[in-house]
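# based on what follows, work out the 3D shape:
(2 chains)
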Amino acid sequence: MRRRSFFRVAGATVAASTLVLAGCADDPVAPDLSTPGTLNLGSGDIGVLNYAYLLEQLEAAFYQKVLDSPPTDFTPAELAAFTELRDHEVIHREFFKQVLGTSGIPTMTFDFTSISFTSRASVLAAARTFEDVGVAAYNGAGKLLTTKATLGQLSKIASVEARHAAFIRDLLQLSPFADVVETSGPFTGAATALTPAQVVEAIAKFTPFLVIIADLPTS
Amino acid sequence: MNIFRIIEQLSEVDADVLGRFDSRRAVFKTLGETAKKGALAAAPVFVASLFQKAYGQTTKPSVIEVLNYAQTLELLEEDFYAKMIAAGQVPTGAPAAAITLIKQHETAHVKLLDATIKALGGTPVTGIKFKSSVFPADYATQLAYAQALEDTGVRAYKGQAGNLMGAMAGTTNLLQVALQIHSVEARHAAHIRTMRAQPSWIPASDSSLPAPLGPVYTGAIPESNTTQSGVDITKLGAGYSATDAAASFDEILTMAEVTDASRAGGLIGA
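Model prediction:
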């Protein structure tokens, strides 16, 4: 009781300086939706957050579609795991939505017609693609950021995506890390990193709209 | 608003916030005593002085200090897996293949960091060994230690990302390299957790490691944390369990936390 009142007093004083520290975000440019069929992610840290938000929307929509009508050869354990994966991705999506507020891109609709949702193999192969691309995207996105707070947010999610990727590969009985880690050259031992341009290309068949990344930072 | 929330928010702009205080325990002991004395009016002043002390004296670690810290952990992991392979308890087939490959990755990370530190004109740390006296004899416990090392590695790299912003070695962006290694450690951690029949991600109450390894998941911001950037994750949308909220985000450890004797620091020795 005494402790609680202490924190209430203490908190009020420090709150202001904390907000100043946490609020030094990049000057935001809101995403541009003026051209039909295109999605401009915007610029600065906001643009990079929108990039992550788009990927989380894609993953969450995919897992939801799997759960709407799961492959009949899914085991109960796999169904339970996919429910957790869906929940994690929805949490990431809703977290970015809340953090971005009015700077966020809208809720997008994706094209999953290339995936056979009745087949466990097809679903796992697609999940592997989404997770591996997601990890590589986060690996490449960190250096584009200018604020520590945003880097902190992304890196907390990035390693969870890597855990997902390893899990899906374990289900496929593939090595969870072999072919995504460099085996020669100066970066031997480092995992794949993709630029936004490479990621947008990798997910193009799932995005029935043109993703504009021209305003994103490039280094 | 409470002190945990303040520290959590501060950690997002300053991963080493807790390292700046003497120790978490000391901070809260002092806070408790202040409250006990009923000196509530003085409390904000006390907190302010605490933060001023924390931020007035220390500077962020240099890039070479960060890289040598990473190298310390990589050498520890490399030696651990060398000892694990030498002990001959790992079952042949998939387990042996996984451990061998993970060891190769750790060796590659050591070489990469060694070359980078030298390129920057620094002196790479050497001679870090996993303490023989704590190396477990049986395979199951060895795997538990492997999980502890990998999950610690993920938290440690994450904790230093902010200190590598903008750091370059020639044309190489060191933050990106650190994040690339960070994701390899996370894949290792997930796979070793699978080998131990544990979830690949870290739930709210993770008790899957035997004593004395539990502190791997504790800290100023424990893996059970469910508040991110001021957002209560359990209250998003239709609401989520603490386990889903905690598992969907991994948390940092500071340098001081990782090198503490209760965590990786206690595993380094002759």
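# what's the burial count for the residue of the stretch 101-250 of chain B found nearest chain A?
Nearest residue of the stretch 101-250 of chain B to chain A (Cβ to the nearest Cβ) works out as residue B:108 at 2.7 Å. No exception for glycine: its C-beta is placed from N, CA and C like everyone else's. Neighbourhood size, residue B:108 [other Cβ atoms under 10 Å in any protein chain shown]: 22.
# show me the contacts for it.
Shown in contact with residue B:108 (Cβ atoms under 8 Å, 6 or more residues apart in numbering or on different chains): A:181, A:182, A:188, A:189, A:190.
# can you read off the pLDDT for it?
If you check residue B:108, the pLDDT there is 98.
# how about the helix or strand hosting it: buried residues?
Per DSSP states H and E, residue B:108 falls inside helix B:94-119. Within helix B:94-119, the residues that count as buried by 16 or more other Cβ atoms under 10 Å in any protein chain shown are B:98-99, B:101-110, B:112-114, B:116-117.
# after that helix, which helix or strand is next?
Toward the C-terminal end, the helix or strand that comes next after helix B:94-119 (DSSP H and E) is helix B:139-160.
# helix or strand: which one has residue B:185?
Here residue B:185 sits within helix B:174-195, counting by DSSP H and E.
# contact partners for the residue of chain A found nearest chain B?
The minimum distance from chain A to chain B, using Cβ to the nearest Cβ, falls at residue A:189 (2.7 Å). Shown in contact with residue A:189 (Cβ under 8 Å, 6+ apart): A:181, A:182, B:104, B:105, B:106, B:107, B:108, B:109, B:111, B:112, B:181, B:184.
# give me the distance between it and residue A:84.
Distance, residue A:189 to residue A:84, using Cβ to Cβ, to the nearest Å: 29 Å.
# quick one: the strands in chain A?
Counting by DSSP state E, chain A has strands at residues A:38-40, A:210-212.
# let's have those in CSV, adding mean neighbour count, distance to chain B and mean pLDDT.
Converted to CSV, the strands of chain A look like this (neighbours: other Cβ atoms under 10 Å in any protein chain shown; distance: least, Cβ to the nearest Cβ, whole Å; pLDDT from 0 to 100):
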stretch, mean neighbour count, distance to chain B, mean pLDDT
strand A:38-40, 18, 23, 96
strand A:210-212, 17, 22, 97
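# just send those back as CSV, with distance to residue A:219 too.
As requested, those are exported to CSV (distance: least, Cβ to Cβ, whole Å):
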stretch, distance to residue A:219
strand A:38-40, 20
strand A:210-212, 19
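# retrieve the pLDDT associated with the residue of chain A closest to chain B.
Listed pLDDT for residue A:189 reads 96.
# could you do the one 5 residues further on as well?
Per-residue confidence (pLDDT) for residue A:194: 98.
# neighbours around the closest residue to it other than its chain neighbours, how many?
Spatial nearest neighbour of residue A:194, excluding adjacent residues (Cβ to Cβ, 6 or more residues apart in numbering or on different chains): residue A:136 at 4.1 Å. Using other Cβ under 10 Å, residue A:136 has 24 other residues around it.
# now do residue B:163
The burial count for residue B:163: 22, using other Cβ under 10 Å.
# part of a helix, is it?
Yes. Counting by DSSP: H, G, I helix; E, B strand; the rest coil, residue B:163 is part of a helix.
# which stretches of the stretch 51-200 of chain B have low pLDDT?
The stretch 51-200 of chain B contains residues with pLDDT under 70 at B:51-58.
# how about a cut-off of 90?
Within the stretch 51-200 of chain B, the segments meeting pLDDT under 90 span B:51-60.
# which bits of it sit near chain A?
B:51, B:97-98, B:101-102, B:104-109, B:111-112, B:115, B:154, B:158, B:161-162, B:165, B:172-173, B:175-177, B:179-191, B:194, B:199-200 (Cβ under 8 Å from any Cβ of the partner chain).
# how about a cut-off of 7 Å?
For the stretch 51-200 of chain B, the residues in contact with chain A (Cβ under 7 Å from any Cβ of the partner chain) are B:51, B:101, B:105, B:108-109, B:111-112, B:115, B:154, B:158, B:161-162, B:165, B:173, B:175-177, B:179-184, B:186-191, B:194, B:200.
# tell me which residues touch residue 167, please.
Because you didn't say which chain, this covers chain A. Neighbour list for residue A:167: B:190, B:194, B:200 [criterion: Cβ atoms under 7 Å, 6 or more residues apart in numbering or on different chains].
# oops, wrong one, chain B.
Taking Cβ under 7 Å, 6+ apart as the criterion, residue B:167 is in contact with B:63, B:174, B:175.
# right, and the second one touches residue B:166 too?
No. No contact is recorded between residue B:174 and residue B:166 when judged using Cβ atoms under 7 Å, the distance being 8.8 Å.
# common neighbours of those two, please.
Overlap of the contact sets of residue B:174 and residue B:166 (by Cβ under 7 Å, 6+ apart) is empty.
# one step back: now tabulate the contacts of residue B:167 in JSON lines and tack on neighbour count and distance to residue A:105.
JSON lines is the format used below for the contacts of residue B:167 (neighbours: other Cβ atoms under 10 Å in any protein chain shown; distance: Cβ to Cβ, whole Å):
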{"residue": "B:63", "neighbour count": "20", "distance to residue A:105": "35"}
{"residue": "B:174", "neighbour count": "20", "distance to residue A:105": "30"}
{"residue": "B:175", "neighbour count": "22", "distance to residue A:105": "25"}
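# what score does the nearest residue to residue B:97 once chain neighbours are set aside have for pLDDT?
In space, and not counting its chain neighbours, residue B:97 is closest to residue A:175: 7.9 Å by Cβ to Cβ, 6+ apart. We have a pLDDT of 87 for residue A:175.
# burial check on residue A:175, number of neighbours?
The number of residues packed near residue A:175 is 18, by other Cβ under 10 Å.
# backbone dihedrals for it, please?
Backbone torsions for residue A:175, taken as degrees, to the nearest 10, come to phi -60, psi 130.
# same question for residue B:231.
The phi/psi pair for residue B:231 (degrees, to the nearest 10) reads phi -100, psi 120.
# so what's it up against?
A:95, A:98.
# ok, 10 Å please
Neighbour list for residue B:231: A:91, A:94, A:95, A:98, A:99, A:153, B:245 [criterion: Cβ atoms under 10 Å, 6 or more residues apart in numbering or on different chains].
# surely the second one touches residue A:60?
Yep, that's residue A:94 we're talking about. Yes. The pair residue A:94 / residue A:60 is scored as a contact, 8.7 Å apart, by Cβ atoms under 10 Å.
# domain parsing for chain B?
Under the assignment automatic domain parsing, the domains of chain B span B:17-57, B:63-267.
# and of those, who's closest to residue A:77?
Within the domains of chain B, the stretch nearest residue A:77 is domain B:63-267; the backing value is 11.0 Å (Cβ to Cβ).
# can you report how many residues neighbour the nearest residue to residue A:145 once chain neighbours are set aside?
Leaving aside its sequence neighbours, residue A:145 sits nearest to residue A:151 (Cβ to Cβ, 6+ apart; 4.8 Å). By the criterion of other Cβ under 10 Å, residue A:151 has 28 neighbours.
# nothing else from me, thank you.
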